[in-house]
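[1] coordinates for the following, if possible.
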Amino acid sequence: MAIKIPRGLVIFTDLDGTLLDHESYDFAPARPMLARLAMAGVPVVLASSKTAAEIALWQERMGLTGWPAIVENGAGISAGTDDPDAGEQPTYPRLCRAIAAARVPFRGFATMTDADLAALTGLPLGEARLARQRAWSEPGLWQGDAAGLAAFLAKMAAEGITARRGGRFLTLSYGGTKAARMAELAERLNARLTVALGDAPNDAEMIAAASRGIVVKNDHGPGLPPLPGESTGRILRSRTAGPTGWAEALDTLLSGLAG
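    As a prediction, the model looks like this:
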């Protein structure tokens, strides 16, 4: 018997290592669940470090075109085609000028070519090009020592620029988090129940802030420590990694809500 999906449900999900396999970027195991959610009209909001251009490609592949997305790790929102009111002003040019003025060994995407980024990440050249089409944040590699990094981050903080460490890159922006953007979009989408899924430290705040959360098993990184709400069952953990764990844990959660 099909599980009844609650009215007003909105799903917020990380991509890499969560809805996408860490190695292959495949999401086939999640297709049946995505189809169920689409049939029920449930918004699935992608929340990722990816750019709006990258997200649009994955939304098309997953049948999620039309929903807004949280992009560049929460530094911006990409509005879906059902929401023409998008228009946040990009801060990327100002951000890059501030970083360049610091004259430090930070190698950001702006100083890389598409080929450089493809070689560094393993992305196809076309997808590396999309990853460099940034509007609000600058990921990069710190190539100096720890003391230099601390001084650089203090200088950036004095200019209103925050830093967040991801799996590979240090990302600078003028603020914004996945959790804060989730709150904005939950209100915009009239959510009665939010579910957030992720696998990495930069997903922890979003997972903890949702009505219900799912920590997807991470076999390729530090994963997440115990979060507030796990002891009461408000936050679940998947038994398997990637899109298989994503689908299985979401099925378990929805079954519990229907019970």
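[2] drop to CA atoms for contacts and neighbour counts, all remaining ones
    Will do.
[3] helices or strands up against the longest helix that the chain contains?
    Looking across the chain with DSSP state H, the single longest helix is helix 242-258. For helix 242-258, the helices and strands in contact under the criterion 3 or more CA pairs under 8 Å, 6 or more residues apart in numbering; DSSP states H and E are strand 212-217, strand 235-241.
[4] of those strands, flag the one that's most buried.
    A comparison of the helices and strands packed on helix 242-258 by mean neighbour count, using mean count of other CA atoms under 10 Å, puts strand 212-217 on top with a mean of 27.
[5] any buried residues in stretch 189-202, and which?
    Neighbour counts over stretch 189-202 (16 or more other CA atoms under 10 Å) mark Ala191, Thr194, Val195, Ala196, Leu197, Gly198, Asp199, Ala200, Pro201, Asn202 as buried.
[6] what residue ranges in this structure score low on pLDDT?
    Counting by pLDDT under 70, the ranges of the chain that qualify are 1-3, 80-88, 166-167, 258-259.
[7] ok, now which ones touch the residue nearest the centre of it?
    Among the residues of the chain, Ser48 comes closest to the average C-alpha position under CA atoms, centre = their mean, at 1.9 Å. With CA atoms under 8 Å, 6 or more residues apart in numbering as the criterion, the residues that contact Ser48 are Thr13, Asp14, Leu15, Asp16, Ile70, Val71, Glu72, Asn73, Gly74.
[8] phi, psi of it?
    Its backbone dihedrals place Ser48 at phi -150, psi 170, with angles given as degrees, to the nearest 10.
[9] how far away is it from Leu250?
    Taking CA to CA, to the nearest Å as the measure, Ser48 falls 19 Å from Leu250.
[10] repeat for Lys178
    20 Å.
[11] with neighbour numbers in mind, choose between those two.
    The neighbour count for Lys178 versus Leu250, taken as other CA atoms under 10 Å, is higher for Lys178 (29 against 24).
[12] contacts for stretch 233-247?
    Judged by CA under 8 Å, 6+ apart, the contacts made with stretch 233-247 from elsewhere in the structure are 17-22, 26-30, 33, 197, 207-208, 211-219, 227-230, 248-249, 253.
[13] stretch 185-197 too?
    Outside stretch 185-197, the residues that touch it by CA under 8 Å, 6+ apart are 6-14, 18, 68, 203, 206-207, 210-216, 246.
[14] related to what we said a few turns ago, and the helices and strands packed on helix 242-258: which comes nearest Glu127?
    The stretch from the helices and strands packed on helix 242-258 with the least distance to Glu127 (CA to CA) is strand 235-241; that distance is 23.7 Å.
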